[in-house]
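*Asks:* One predicted model, sequence on top.
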Amino acid sequence: SWTILQLVEALGFCLENTDPRTRGRGIQLLSQVLLECHSLLQEKEVLHLVLFYENRLQDHHLVIPSVLQGLRALSLCEVLAPGLAVSVLKAIFQEVHVQSLLQQDRYTVYSIITNFMATREEELKGLGADFTFGFIQVMDGEKDPRNLMVAFQIVRDLIVKNYALGPFVEELFEVTSCYFPIDFTPPPNDPHGIQREDLILSLRAVLASTPQFAEFLLPLLIEKMDSDLQSAKLDSLQTLTACCAIYGQKELQEFLPSLWSSLRREVFQTASEKVEAECLSALHALSACLSRSVLSSDAEDRLDSFLSSILQDCRHHLCEPDMKLVWPSAKLLQAAASASLRSYHRLTHSILPLLLEQYNKHSQSSQRRTILEMLLGFLELQQKWGHVEEDESALLSLQETVCSVVFSALTDPSVQLQLVGIRALTVLGSLQGFLSPSDLELVVDHLVRLALHEEDSQSSEAAMEAAGSLAPVYPKVFSGRMVPRLGEELQSGRTDSLAKDCAICSQNLHSLQQRCLQALAAVSTHTSIVRETVPVLLQHLRNVKAGNAQELVSVCQSLHRVALQCQQDAEGCWYYHQTVVPCLLAMAVQAATQGKHRSSSKRENSGSALSSLVHSTLRCLLSLRLAAQSVSHVVPLFLDGEVSFLPQNSFPCAFQPFEVCGPQRRLVALLMAFVCSLPHNVVIPQQERLLRELLALSCSCSCPFTATTASKCFAGLVNKHPAGQQLDEILQLAVNRMEPGLTEGPHRTQALILLLWVTKALVLRYHPLSSHLTDKLLGLLSDVELGPTAADGFSLLMAESPDVLHKGCHADVRIMFRQRFFTDNVPKLVQGFHGAGADVKANYLKSLSHVLNHLPKPVLVTELPTLLSLLLEALSCSDRVVQLSTLSCLQPLLLEAPQIMSLHIDTLVTKFLSLTSSPAMAVRIAALRCAHALTSLPTIVLLPYKARVIRALAKPLDDKKRLVRKEAVAARGEWFLVGSPGR
């Protein structure tokens, strides 16, 4: 190995050569070696190398780049002797005209400075203002964005780390502010990745880093705010906002009138929402800055005079609610008021009485709405500052007038004014201590009236939402006044419905009951209120007439909403679980054991509503302890008829859902909702027996609803069952039951449904048996009887299931299971299609279409060339499901793979135009959307078909369905533009 001394001696001929190019190559080699081994150098070696390189800075300009590379390597040395960093920088400042160098060499100079600032800060500070002046000379005239990013960071470090700026503050400002505002567009395919926004933020960090720049920067910002360029306005406003974080009253006072004038003008005149928003942010920042300033006893309060200017220019516009400047003025006042509690009190003492006076002065609902919305903006600011201070708040002194105005808005015929009044009421209610007890009672009365009896649904829903927001703040008032009123209305509505038979009365009473149920749920946002509302809902559920599935579903939906609102409250969860779940089970068992005669569809709707409620309740509320407790009761209930834990458990006959045919069996939906919602670590008692019972029921029950539910429940349990011998035995038993059932007998469809759900359960968890079961399904596609159902089953395998086998119910779902299924089975589908008879080819196309339709589009695009011909053939299939699924698959591909799709343009145009006349509305809409998407293909491909497509799309313009006509207009309009200039 060589020492540096030996290397220098070996390079002696080159280093001393009279040819500058030869000297440059020698120094370049030495510098490259130093960059690789700078950490191995000794202090004495570094000293001699520094002296050598400093001397070389006076050499020919061709040598300088290599010298700078060597100095960069030496600037990284930890053994650099004290004083050498200063010596190197002085030499660079004196000997090198940096801006005459190439970009890379200038970057090297900035790197040397950065390295020394990171490791030799105290030494450089010893240079005083000379270091700052030297850097100003280095940076002056820099244009390359890569170098500017580093230079801006150096300037910021100079300021933030308190380097001496001396008399060069203005020069430092000038050398950086000349780039403001940044006007830079990165070249296409720029490998450096520097964006305009990066430069803007770097420069802003410099300009907003010190109050010393204020006297130079603020006039510049005011000037740029007047620019015609929106980007310059935005940059100036954002920089002003950033500066206000470090400025004080002293820096701002001279420029406040000009700043306010510019901000006011922009807000009053601009058509840009972005500029307006930045102006309001800047005004907020200015007010906050002035609010922070500490005043001496004899100093003028600049905040007060600034706010007085704002009031003087904006206040009178608030008296003209129909005029253009009312909202800009209100926004300016609210932006200033939101800056601090001081500014809020100063402005609201003047503004709130004026707005209240104007509200009473104007009688038109539209004017009152505008005024109340402005008032609401100030009320929301009070909400931001919290508790109402008695001695300072203008709001508290106007309490009676404010309440009167808000209550009058709630009784106005205008729905829009009512909605603003409800929002204002919500804000007033959130101000602790503002509303008196009598006001609160009036609030509840208004909310009940609006929720139940207001014709417009918007006001009704808004009132319910407001009740839900205020109930946790005033639980006693709402539980003591609102809940009883809602219960009485619910009961009186039920009594009236028994007495009145006319259709209109019945419809109105049903609407009232619906609203009562919704309001009871909406107000259940506090545990004490939940304890009042849940018994009312359950009692109404008990009173629902047999066969009234719609009302039963409504009550279940209300209970579901209560469950969602309870999930963050442990006490509410516990109460709900202990009260609602046993009651629901008892009612379901009671109805099933009585064997009430209802239509199959109504029974299934009721069962679905109850199971959905139980399922979502358990997902929302169950802790592990409650889950274990529930399953320990529910499983014995279904297996052994153990009803002792249920309230009112005297039933007409034994509950044996796995043995007795009829309504009892349909309650397997409730069992599914319970056991399939449990986490993995909850032990299910008698699980093997339960699986065997479910398996038997799914294969033998003649009721499709029950058989399907049992299959789903079995699949949900199998999916989460721990791997091992027990699982293998259960799966083998299932296969043994399914295979004979699929071959012959009266229950072939039930066996197929079970096969589909078990296959899905195993595909999701990557179980080895899933391949065998999938092959079974592929074989059934050629079955004349079961083939169509098996083909539809591929959609079930790929799609998200709403009630079981998804992550929300803790199912075992592996990532990218769809991609794996695609890779394993699509080749088999294609092979099967080519070998199938004409009567079953449609089944293979349908299966393929379902698989592709649920596949992530990036994966599908890569496989498109091999599958596109089959997709196009699927469009000729007469099955509407196949057509719709294929069209849904093709539409995004037209946008994401235009080059591949262009090769088949003739076929695509013909198929899409043909399907725009399909008897099925959904197919017509999908075909028109695809025809629209065709316009994303290259223009040169589309032009030969333009006239033909425009003629063909004229027909769906007269379609009898509005949605079809809408799509036809959009597609035809886009085709008219094909080939037009500028498209």
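*Replies:* That came through, no problem. Numbers count the residues shown, from 1 in each chain.
*Asks:* Apart from its chain neighbours, what residue comes closest to residue 898?
*Replies:* Leaving aside its chain neighbours, residue 898 sits nearest to residue 937 (4.9 Å; criterion: C-beta to C-beta, 6 or more residues apart in numbering). C-beta here means a position set from N, CA and C on the backbone, and glycine is covered the same way.
*Asks:* how about the strand or helix carrying residue 572: buried residues?
*Replies:* Per DSSP states H and E: residue 572 is located in helix 570-594. For helix 570-594, burial by neighbour count (16 or more other C-beta atoms under 10 Å) applies to 572-577, 579-593.
*Asks:* if we can go back for a sec, the residue nearest to residue 898 contacts residue 905, doesn't it?
*Replies:* Yes: using C-beta atoms under 8 Å, residue 937 is in contact with residue 905, at 6.7 Å.
*Asks:* Neighbour count for those two, which is higher?
*Replies:* Counting neighbours by other C-beta atoms under 10 Å for residue 937 and for residue 905 shows that residue 937 has the greater number, 19 against 16.
*Asks:* Now the phi/psi pair for the residue nearest to residue 898, please.
*Replies:* Main-chain torsions, residue 937, degrees, to the nearest 10: phi -70, psi 160.
*Asks:* Could you number the chain from 220 rather than 1 from now on?
*Replies:* In the new numbering, first residue 220, that becomes residue 1156.
*Asks:* Now do the contacts for it.
*Replies:* 1113, 1117, 1120-1121, 1124 (C-beta atoms under 8 Å, 6 or more residues apart in numbering).
*Asks:* Show me which of those is closest to residue 374.
*Replies:* residue 1117 (47.8 Å; C-beta to C-beta).
*Asks:* Give me the distance between the closest one and residue 1127.
*Replies:* Here residue 1117 is placed at a distance of 11 Å from residue 1127 (C-beta to C-beta, to the nearest Å).
*Asks:* now residue 460
*Replies:* For residue 460, the distance to residue 1127 equals 52 Å [C-beta to C-beta].
*Asks:* how far away is residue 950 from residue 910?
*Replies:* Counting by C-beta to C-beta - residue 950 and residue 910 are separated by 10 Å.
*Asks:* who touches both of these two?
*Replies:* By C-beta under 8 Å, 6+ apart, the residues touching both residue 950 and residue 910 are residue 937.
*Asks:* downstream neighbour of the helix or strand encompassing residue 645 in the secondary structure list?
*Replies:* Using DSSP H and E, residue 645 sits within helix 634-649. With elements assigned by DSSP H and E, the helix or strand that comes after helix 634-649 is helix 656-672.
*Asks:* tell me how far that next one is from the chain's mean position?
*Replies:* 35 Å (C-alpha atoms, centre = their mean, to the nearest Å).
*Asks:* where exactly do the helices run in the stretch 720-869 of the chain?
*Replies:* Assigned by DSSP state H, counting those that start in this stretch, the stretch 720-869 of the chain shows helices spanning 722-741, 746-762, 768-785, 789-813, 819-840, 843-859.
*Asks:* For the third one, buried residues please.
*Replies:* Looking back up the chat, that one is helix 768-785. Applying a neighbour-count criterion of 16+ other C-beta under 10 Å, one finds 768, 770-782, 784-785 buried in helix 768-785.
*Asks:* For residue 355, state which of those is nearest.
*Replies:* Among the buried residues of helix 768-785, and counting by C-beta to C-beta, the member closest to residue 355 is residue 784, at 63.2 Å.
*Asks:* could you measure the closest one against residue 282, distance?
*Replies:* Taken as C-beta to C-beta, the span from residue 784 to residue 282 is 77 Å.
*Asks:* Residue 796 too?
*Replies:* 83 Å.
*Asks:* With residue 598 instead?
*Replies:* Distance of residue 598 to residue 282, given as C-beta to C-beta: 73 Å.
*Asks:* ends of stretch 331-346, how far apart?
*Replies:* 16 Å (C-alpha to C-alpha, to the nearest Å).
*Asks:* how far is that stretch from where the chain is centred?
*Replies:* 46 Å.
*Asks:* Give me the mean pLDDT for it.
*Replies:* Averaging pLDDT along stretch 331-346 gives 93.
*Asks:* can you check stretch 851-859 too?
*Replies:* Rounded mean pLDDT across stretch 851-859 is 89.
*Asks:* List of residues touching it?
*Replies:* Here stretch 851-859 makes contact (C-beta under 8 Å, 6+ apart) with 804, 808, 861-862, 864-865, 874, 876-877, 886-887, 890, 893-894, 903-905, 908-909, 912.
*Asks:* Is the spatially closest residue to residue 999 that is not a sequence neighbour in a helix, a strand, or coil?
*Replies:* Nearest in space to residue 999, with sequence neighbours left out and distances taken as C-beta to C-beta, 6+ apart, is residue 1009 at 4.1 Å. Here residue 1009 is recorded as helix under DSSP: H, G, I helix; E, B strand; the rest coil.
*Asks:* how far away is the most centrally placed residue in the chain from residue 939?
*Replies:* Against the mean C-alpha coordinate of the chain, by C-alpha atoms, centre = their mean, the closest residue is residue 1027 at 18.5 Å. Residue 1027 sits 13 Å away from residue 939, taking C-beta to C-beta as the criterion.
*Asks:* For this structure, give me the ranges with low pLDDT.
*Replies:* Residues of the chain that meet the criterion pLDDT under 70 lie in 220, 513-519, 605-612, 712-728, 765-766, 814-843, 868, 1201-1202.
*Asks:* check contacts around the residue of it most remote from its centre.
*Replies:* Largest separation from the mean C-alpha position in the chain: residue 237, at 68.4 Å (C-alpha atoms, centre = their mean). Not one residue lies near residue 237 by C-beta under 8 Å, 6+ apart.
*Asks:* Now it, what are its backbone angles?
*Replies:* phi -80, psi -20.
*Asks:* what's the burial count for the spatially closest residue to residue 960 that is not a sequence neighbour?
*Replies:* Closest residue to residue 960 apart from its sequence neighbours, by C-beta to C-beta, 6+ apart: residue 970 at 3.2 Å. Using other C-beta under 10 Å, residue 970 has 23 other residues around it.
*Asks:* Which secondary structure state does residue 970 sit in?
*Replies:* helix.
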